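Asks: A predicted structure for the sequence below; I have some questions about it.
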Amino acid sequence: MNWIYKQPVEIVFGVGELGCVAQRLGNAKKALVITNSFFADNENVKRVIAELGAAVFAEVSENPDVSEVNRCSRLIREIKSDVIIAIGGGSVIDLAKAASARVGDIREYHGTGKLLPEKENVRVIAVPTTAGTGSEVTNVSVLTDRETGKKCPIVSDGFFPRLAVIDPLLTVSMPPKVTASTGIDVLCHAIEGYWSKGHQPICDEFAVCAAKKVFRWLRIAYEQPENIEARINMAQASMFAGLAFSLPKTTASHACSFPLTSIYGIPHGEACGLTLDFFTRVNSVDRRTAELAQRLEFSSADELADRIYELKKQIGLRVGLSDLNLSENRIRELVKKSHHPNLLNNPIEITDEILYSLYNELRK
Ligand SMILES: NC(=O)c1ccc[n+]([C@@H]2O[C@H](COP(=O)([O-])OP(=O)(O)OC[C@H]3O[C@@H](n4cnc5c(N)ncnc54)[C@H](O)[C@@H]3O)[C@@H](O)[C@H]2O)c1
Ligand SMILES: [Zn+2]
């Protein structure tokens, strides 16, 4: 098997590292901090902003909209920013990556297949505050166009952050619900990266390591938000899982998450996790899925699927969609809109019949 491994992001990891961001800016002249309303008020973030004399863009919603990217991009051009510090969850980091390209209208590149111009982006320092997306080490920016209802990723090598500063202390303030949803996203990245058609050996090792940490630490982080050992391990797991899927890409659970989030507002991680045990069973006939289960110390892929289901229950995540009272038409809409390219990266072909049985099972 032939493969290429590429990972251009410098990673700084450690408790309290946010305080050292200012020392890592080199000769930057105008910094822009991109964050969300929660962190715009955080004392440590305010200190960083003051220290850098940075401008601030804090109008970032969950599942950021293309219009927010365009507004941020305009600001970057106006103030001639030459370094962006993105402090937030995947939503903030993804918006920062897309805005760093400084194109007039990001919609031209959103789900259209058109490549971003190959000019140099403004460099991004990514500081994650969730343990979830791994966006700080990937070249992916997931955006939503609320006008058309489209949610999909843009992939560009220009999106690799120049530096990831991972400070687990920043994740302590996550409410349990956010810890649970973002944490199950880590498991999806690890498992989907491993069984994906695009798998490769270096990423496999990151995937196994990340998945083991999630099974060991996510419930503890959920139940004991201030448990720093759990937060450190989940922050590492998130970054490892980011490295595990960045090249191989995700598969069926992520494909199904896009309509579940854009139509029903289910948070990204929870939407991905909702179908992970189902696809583990579907993929159990695949050699590598069985191998992954073994490497995670389960006797079979079915046992792995049972454990995923149990974890979701333990951390208060959805295991079904019965509260939505989905009609037959709604189920058919979900089947149709789950046909995202990531579905083709699944090791087993996912037909409309399989998707129908998935959503039919979830609606009961
Ligand atoms: N780029 C990638 O590689 C990649 C991978 C997976 C998902 N995504 C995308 O990332 C987005 C989801 O990101 P996310 O799961 O990190 O969630 P998020 O960034 O949307 O944050 C979820 C919520 O938690 C709040 N929050 C974040 N950190 C907090 C903290 N430490 N304390 C208190 N509140 C906090 C946010 O303000 C927000 O309300 C989705 O759009 C998803 O599609 C991107
Ligand atoms: Zn994800």
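Replies: Now that the structure is in, tell me what you want to look at. Ligands and ions are numbered 1, 2, ... in the order given.

Asks: any low-confidence regions in the stretch 201-350 of the chain?
Replies: Confidence mapping of the stretch 201-350 of the chain against pLDDT under 70 gives zero matching residues.

Asks: Spell out which residues of it are next to ligand 1.
Replies: 268, 269 (C-beta under 6 Å from any ligand atom). In this view, the C-beta of every residue, glycine as well, is placed from N, C-alpha and C.

Asks: Of all the residues in the stretch 201-350 of the chain, which one is nearest ligand 1?
Replies: The nearest approach of the stretch 201-350 of the chain to ligand 1 comes at residue 268, 3.8 Å away (C-beta to the nearest ligand atom).

Asks: surely that residue meets residue 261?
Replies: Yes: when contacts are counted by C-beta atoms under 8 Å, residue 268 is listed as touching residue 261 (5.7 Å).

Asks: what do the two both touch?
Replies: Common neighbours of residue 268 and residue 261 (criterion: C-beta atoms under 8 Å, 6 or more residues apart in numbering): residue 63.

Asks: who has more neighbours, the two?
Replies: residue 268 (27 against 21; other C-beta atoms under 10 Å).

Asks: Report the contact partners of that one.
Replies: Per C-beta under 8 Å, 6+ apart, neighbours of residue 268: 63, 90, 132, 133, 142, 181, 182, 185, 257, 261.

Asks: between the residues you listed, which is closest to residue 359?
Replies: Lowest distance from residue 359 to those (C-beta to C-beta) belongs to residue 257, with 12.9 Å.

Asks: Wasn't that closest one part of a helix?
Replies: Yes: using DSSP: H, G, I helix; E, B strand; the rest coil, the assignment for residue 257 is a helix.

Asks: SS state for the nearest residue to it once chain neighbours are set aside?
Replies: Sequence neighbours aside, residue 271 is the residue nearest to residue 257 in space, at 3.8 Å (criterion: C-beta to C-beta, 6 or more residues apart in numbering). Under three-state DSSP, the three-state class of residue 271 is helix.

Asks: same question, residue 165
Replies: Classified using three-state DSSP, residue 165 is strand.

Asks: Please look at it and residue 15 and confirm they touch.
Replies: No: using C-beta under 8 Å, residue 165 is not in contact with residue 15; the gap is 11.7 Å.

Asks: Comparing those two, which residue is more hemmed in?
Replies: residue 165 (24 against 15).

Asks: And that one, how far from ligand 1?
Replies: Between residue 165 and ligand 1 the computed distance is 14 Å (C-beta to the nearest ligand atom, to the nearest Å).

Asks: which residues does that residue bridge with?
Replies: residue 12 (DSSP bridges).

Asks: Relative to residue 316, how far out is it?
Replies: Applying C-beta to C-beta, to the nearest Å, the value for residue 165 to residue 316 is 30 Å.

Asks: What helices and strands are in contact with the lengthiest helix in the chain?
Replies: Longest helix in the chain by number of residues (criterion: DSSP state H): helix 201-223. Judged by 3 or more C-beta pairs under 8 Å, 6 or more residues apart in numbering; DSSP states H and E, helix 201-223 is in contact with helix 176-195, helix 228-246, helix 287-295, helix 301-314.

Asks: how big is the angle separating that helix from helix 287-295?
Replies: 50 degrees (axes from the mean of the first three to the mean of the last three C-alpha atoms, to 10 degrees).

Asks: switch to numbering from 701
Replies: I'll keep to 701 as the first residue from here, and by that count the last item is helix 901-923.

Asks: Buried residues of helix 901-923, list them for me.
Replies: 903-904, 906-915, 917-919, 921-922 (16 or more other C-beta atoms under 10 Å).

Asks: who's in contact with stretch 704-723?
Replies: By C-beta under 8 Å, 6+ apart, stretch 704-723 touches 724, 744-745, 747-748, 751-752, 785, 787, 825-827, 836-837, 860-870, 900, 902-903, 928, 932, 935-936, 939, 943, 946-947.

Asks: first vs last residue of that stretch, how far apart are they?
Replies: 33 Å (C-alpha to C-alpha, to the nearest Å).

Asks: Could you do stretch 709-717 as well?
Replies: OK, stretch 709-717 end separation, C-alpha to C-alpha: 16 Å.

Asks: State the distance from the residue nearest the centre of the chain to residue 950.
Replies: Centroid check for the chain by C-alpha atoms, centre = their mean gives residue 833 as the closest residue, at 2.4 Å. Counting by C-beta to C-beta, the gap from residue 833 to residue 950 is 11 Å.
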